[in-house]
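In: Okay, predicted coordinates and the sequence, questions at the end:
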Amino acid sequence: MSRPTQHFTRAAIGTAAIAVLLGTLAWTRIAPALTHAPAHTAAEHAAGMGHGGTLHMTDRQMEELTLRWFESHPIRLGAGGGVGDGEDVVSLGPTYADTFFAAGGTFDTNGNTAGPADTAKILVGESILWLWESGIHTVTNGNNSSDPNSGTLFNVPHDCAHTQFEYQFDTPGLYPFYCVPHEFIAMKGYVKVSAALGVMPVPGVKDRVGFIIPPSPNPGGGAISFRFGIATGGHVRGDVFDAAGRTVATLFNHDLEAGAYAAGWDGRTGDGAAPTGVYYIRLQGPGLDDSRRVVIER
């Protein structure tokens, strides 16, 4: 979707940093109330506040609910996750495949906040970026706070102090996520992750040539995805070479129009699964000759 260009920084923050991450949620103001209050699930606490939808909650109530949640569900970034605080911003370029914007009671990726929950469709090894615009939120995997898998992949605060979160998806599947203090107004979304088959046109930056998103996951143990662009239509091919320079796989070899494309390697050669080692994916076409190093680990 079209939004103003975003600039951000990412910091790899472990779960040991929970006190720092939660500091901006008014801990000193809320902690005494939490000390003397009985424990509840997020759903019970929200229902007890009598809000028909959590947009009716005050900021303090949402802070309390968010703190309660993280007391029993630790912050989790996941192996491919990272968060940023919006300070000392720098431009990192298009390293992610799609973006969700968090504002009010929606996670929006298509510009239509009135429709059903949005779904981002990406390939194995690609990342999703969540950008905060307003409100007090979390980005938590799962369907709701009663889901036993809730928060097992990623579970982070998303507010004015934690304005971006990026997560890389390395396994195909449908991944629901939601906001804990806004789950009763269905503030949620989905990420559908598929393995790359052949080469597929995708939205992209015009006039970009070569790799737009580098091969990932890298190192990887199976399917690897990437995105590339060509400025001039024509015959384009993608090949995989081993460290000795031998061609071990041809990914595509046909005519393409100018634009951006998604493609991938399934990690196999003509002899079966590629053994552990270093490989090179090379793209060739009109005005295009680009390669990237990838590592297969078995």
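Out: Noted; the coordinates are in hand.

In: What segments of this structure are helices?
Out: 18-22, 27-35, 42-48, 59-72 (DSSP state H).

In: I'd say Ser145 and His182 touch.
Out: No. Assessed by CB atoms under 8 Å, Ser145 is found out of contact with His182, at 11.2 Å. In short, each C-beta sits where N, CA and C put it, glycine included.

In: worst average pLDDT in the helices of the chain?
Out: Per-stretch mean pLDDT for the helices of the chain is lowest at helix 27-35 (a mean of 33).

In: Quick check: mean pLDDT of stretch 130-150?
Out: 94.

In: Determine how far it lies from the middle of the whole chain.
Out: 13 Å (CA atoms, centre = their mean, to the nearest Å).

In: Let the chain start at 633 from now.
Out: With 633 as the first residue, the last one maps to stretch 762-782.

In: Return the set of buried residues in it.
Out: The neighbour-count check on stretch 762-782 (16 or more other CB atoms under 10 Å) flags 762-764, 767-774, 776-777, 782 as buried.

In: try stretch 752-765
Out: Buried residues in stretch 752-765 (16+ other CB under 10 Å): Ala752, Ile754, Leu755, Val756, Gly757, Glu758, Ser759, Ile760, Leu761, Trp762, Leu763, Trp764.

In: pLDDT score for the closest residue to Val880 other than its chain neighbours?
Out: Leaving aside its sequence neighbours, Val880 sits nearest to Thr901 (CB to CB, 6 or more residues apart in numbering; 4.1 Å). What the model reports as pLDDT for Thr901 is 90.

In: show me the contacts for Thr901.
Out: Residues near Thr901 by CB atoms under 8 Å, 6 or more residues apart in numbering: Val872, Val880, Ala881.

In: for Gly899, same thing?
Out: If a contact means CB under 8 Å, 6+ apart, then Gly899 has Gly852, Gly853, Gly854, Ala855, Ile856, Ala905, Ala906, Ile928 as its contacts.

In: again, only using 6 Å
Out: Residues near Gly899 by CB atoms under 6 Å, 6 or more residues apart in numbering: Gly854, Ala906.

In: how much space is there between the spatially closest residue to Thr731 that is not a sequence neighbour and Thr698?
Out: Closest residue to Thr731 apart from its sequence neighbours, by CB to CB, 6+ apart: Leu761 at 4.6 Å. Note on Leu761: its distance to Thr698, by CB to CB, to the nearest Å, is 21 Å.

In: Then Phe732?
Out: Phe732 sits 18 Å away from Thr698, going by CB to CB.

In: go on, Leu755?
Out: 32 Å.

In: Distance-wise, check His794 relative to Gly743.
Out: On the measure of CB to CB, His794 and Gly743 end up 24 Å apart.
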